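> I would like the atomic coordinates for the input below:
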Amino acid sequence: MKTNTNHTNGNNNTTIQDITDSEIHIGDKIYNNSTEDIKRLFEDFKEEIQQIIVDLVAKKDDTAKQWAENIINAQKIENFNLHIHLNPIQDKIQEIEQYKQDISRKNKIIDKLLAENETISQEKESLQQDLVKLEQQVADKTISETDYWAQKADLAQQIQAKEELIAQKDKEMGLLIAENLKQSSLINKLQEKLDVAEKALAELQAKYKDIDFSQRTETYKKAYDFILAGNVQAADGLLSEVYFADREAKIAAQTKEIYRNLAQEYVLKAQTLTANFKWEEAENYYEKAIEKCPDAEFWFEYAHFLGKQNYIQDAILYYEKALIQNKQDKDEPKIANTLNNLAALQYKNTQLELAEANFQEALSIRRKLAHANPDVYLPYVADTLNNFGVLQEKKEQFKQAEINFQEALDIRRKLAQANPTTTLPDNF
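Below you'll find the model as predicted:
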């Protein structure tokens, strides 16, 4: 009984920032060495762009100045995508400034309340003095008892009103002072973060001259351009989670292909060692191949080698692993090849029922493939018919074995007549 040594059979297809309130969006435009277009852009957004340039030129580092000068000159601008973002560091500065302004505004209110309380306290003191005078008048009997009690009640009511007004304003001042203390604490925390961010940005900008950008990706260069412009928000957006996920997927695919190529070389080495009767060394290289690229292609090759060395049980195991992946990939030629070879080993291992089922499935797939492409797949139909006949003979199903042997013979005679020089496929 023969098995197919070629896994592929001529059909070798290996499967393997949103815009926010703190961002001024100018828009994506493409300018190819066009100074006039840049001038028109400057006219449309003159104030915003000039302010950015002024801010950059005001910086002391030469890189920022050069960046601004390049925009102004606009001599060699290609694929120019212009977005003006408020620097997140500048955002923090503005946030701190807003808190300070709010504190200052509330301090003025507090000062006003203090002044009002001072006035009210003086008025209260005056009323208390009037009350003392009233007590003296009643003692001197210069005022009637009726007038005394009436005036005393009026003065007491006015004093109480002043005290309540003072208490209300004290409460308002207390709330304002508490808010100011809270905002002062926020300012301190923001200032700490700002100091860290400014230091980090300054360090990044300072490292520019030490970086060999010829060894960096285009995305790295673009992100650094944003950093040099002080726009860390845009750099962060460019280096997004989506970007990294895509990069990692591409690198993984490239790495897999590199290991596949290496594994193919290991297999070739193993095959040359086998031809030189160095079976143990060959086995080592097959194992290296499946270690670097655990894939149906290499499980199949290793299974074929193990079968030839009569390691039947191990060979069956690797054919079964290959079959699972081939079925997942829906690769019918490889499914049929693996089923055929697996059944051949199961026959040798006296697993006749399993072998019969797998031969039957392999034959069904190969007949379908041969119907669509007889020149390629008819020889393999003959292979499986012959193998199937051997198994049926073993099971003493002589009539069915004869039918399959006869069909295999007819196919091979037909192929030989059409092309006598063609070497028919070698069954395992």
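> And the closest residue to residue 348 other than its chain neighbours, how close does it get to residue 274?
Here the nearest residue to residue 348 in space, its sequence neighbours aside, is residue 312; by C-beta to C-beta, 6 or more residues apart in numbering that works out to 5.8 Å. (Each C-beta comes from the backbone N, C-alpha and C, glycine too.) Look at residue 312 and residue 274: by C-beta to C-beta, to the nearest Å, they are 17 Å apart.
> who has more neighbours, the two?
Taking other C-beta atoms under 10 Å, residue 312 and residue 274 do not tie; residue 274 has more neighbours (18 against 15).
> which parts of the helix or strand that the more buried one is a member of are buried?
Secondary structure from DSSP states H and E places residue 274 in helix 241-275. Neighbour counts over helix 241-275 (16 or more other C-beta atoms under 10 Å) mark 259-260, 263-264, 266-267, 269-271, 273-274 as buried.
> Packing partners of it?
Applying 3 or more C-beta pairs under 8 Å, 6 or more residues apart in numbering; DSSP states H and E, one finds that helix 241-275 contacts helix 279-292, helix 296-308.
> Quick one: name whatever helix or strand follows the shortest one.
The element immediately downstream of helix 296-308 (helix or strand, assigned by DSSP H and E) is helix 312-329.
> can you state the direction angle for that following helix and helix 279-292?
30 degrees (axes from the mean of the first three to the mean of the last three C-alpha atoms, to 10 degrees).
> Please state the offset of helix 312-329 from the chain centre?
From the chain centre to the centre of helix 312-329 is a distance of 34 Å (C-alpha atoms, centre = their mean, to the nearest Å).
> Could you export it as CSV, CA atoms only?
C-alpha atoms of helix 312-329 as CSV (Å, rounded to 0.1, in the frame of the first residue of the first chain):
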residue,chain,number,x,y,z
ILE,A,312,3.2,4.1,13.3
GLN,A,313,1.5,5.4,16.4
ASP,A,314,3.5,8.7,16.4
ALA,A,315,2.9,9.1,12.7
ILE,A,316,-0.9,8.7,13.2
LEU,A,317,-0.9,11.3,15.9
TYR,A,318,0.8,13.9,13.7
TYR,A,319,-1.5,13.1,10.7
GLU,A,320,-4.5,13.6,13.0
LYS,A,321,-3.1,17.0,14.1
ALA,A,322,-2.6,18.0,10.5
LEU,A,323,-6.1,16.8,9.6
ILE,A,324,-7.7,19.0,12.2
GLN,A,325,-6.0,22.1,10.9
ASN,A,326,-6.7,21.2,7.2
LYS,A,327,-10.4,20.8,8.0
GLN,A,328,-10.4,24.2,9.8
ASP,A,329,-8.8,25.7,6.7
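> And the very next helix or strand once past it, what does it pack against?
Next along the chain after helix 312-329, taking DSSP H and E as the criterion, comes helix 332-348. The contact analysis (3+ C-beta pairs under 8 Å, 6+ apart) places helix 332-348 against helix 296-308, helix 312-329, helix 352-372, helix 374-394.
> Of those, flag the one that's most buried.
helix 296-308 (a mean of 24; mean count of other C-beta atoms under 10 Å).
> Identify all contacting residues around that one.
3, 5, 7, 14, 260, 263, 267, 270, 274, 282-283, 286-287, 289-290, 312, 314-319, 321-323, 325-326, 329, 334, 337-338, 341, 344-345, 428 (C-beta atoms under 8 Å, 6 or more residues apart in numbering).
> hmm, 6 Å instead?
Helix 296-308 has contacts (C-beta atoms under 6 Å, 6 or more residues apart in numbering) with 7, 263, 267, 286, 289-290, 314-315, 318-319, 321-322, 325-326, 345.
> just curious, which of these is nearest to residue 373?
residue 7 (17.5 Å; C-beta to C-beta).
> State which helix of the protein is the longest.
helix 145-206 (DSSP state H).
> Just give me the neighbour total for residue 109.
12.
> how about the nearest residue to it, chain neighbours excluded?
According to C-beta to C-beta, 6+ apart, the nearest residue to residue 109 is residue 176 (6.0 Å).
> Could you check how far residue 320 is from residue 329?
Where residue 329 is concerned, residue 320 sits at a distance of 15 Å (C-beta to C-beta).
> returning to what we had before: closest one to residue 166 out of the buried residues of helix 241-275, please.
Using C-beta to C-beta, these come closest to residue 166 at residue 259, 83.4 Å.
> contacting residues around that closest one?
292-293.
> got a pLDDT number for it?
Residue 259 carries a pLDDT score of 94 in this model.
> What distance do you get for it to residue 401?
Distance from residue 259 to residue 401, by C-beta to C-beta: 44 Å.
> and if you look at residue 373?
27 Å.
> These two: which is more packed in?
Using other C-beta under 10 Å as the criterion, residue 373 and residue 401 rank with residue 401 on top: 19 against 12.
> That one in helix, strand or coil?
helix (DSSP: H, G, I helix; E, B strand; the rest coil).
> confidence score at the residue lying closest to it once chain neighbours are set aside?
Nearest non-adjacent residue to residue 401, counting by C-beta to C-beta, 6+ apart: residue 392, 3.8 Å away. Residue 392 is assigned a predicted lDDT (pLDDT) of 94.
> Now stretch 217-235: buried residues?
Going by 16+ other C-beta under 10 Å, stretch 217-235 has these buried residues: 223-235.
> Among those residues, which ones are in helices?
Filtering these for helices - DSSP H - leaves 223-228, 232-235.
> if we can go back for a sec, could you say what helices and strands the longest helix of the chain packs with?
helix 88-139 (3 or more C-beta pairs under 6 Å, 6 or more residues apart in numbering; DSSP states H and E).
> got the angle between the helix it packs on and helix 145-206?
170 degrees.
> Centre of the chain to helix 88-139, how far?
With C-alpha atoms, centre = their mean, you get 57 Å for helix 88-139.
> The residue nearest to residue 401 touches residue 398, doesn't it?
No: contact criterion C-beta atoms under 6 Å: residue 392 and residue 398 do not qualify, at 7.6 Å.
> Helix 296-308 and the helix holding residue 274, what's the angle between them?
Using the same axes, to 10 degrees: helix 241-275 against helix 296-308 is 20 degrees.
> now helix 241-275, how far from the centre of its chain.
For helix 241-275 - counting by C-alpha atoms, centre = their mean - the centre lies 22 Å from the chain centre.
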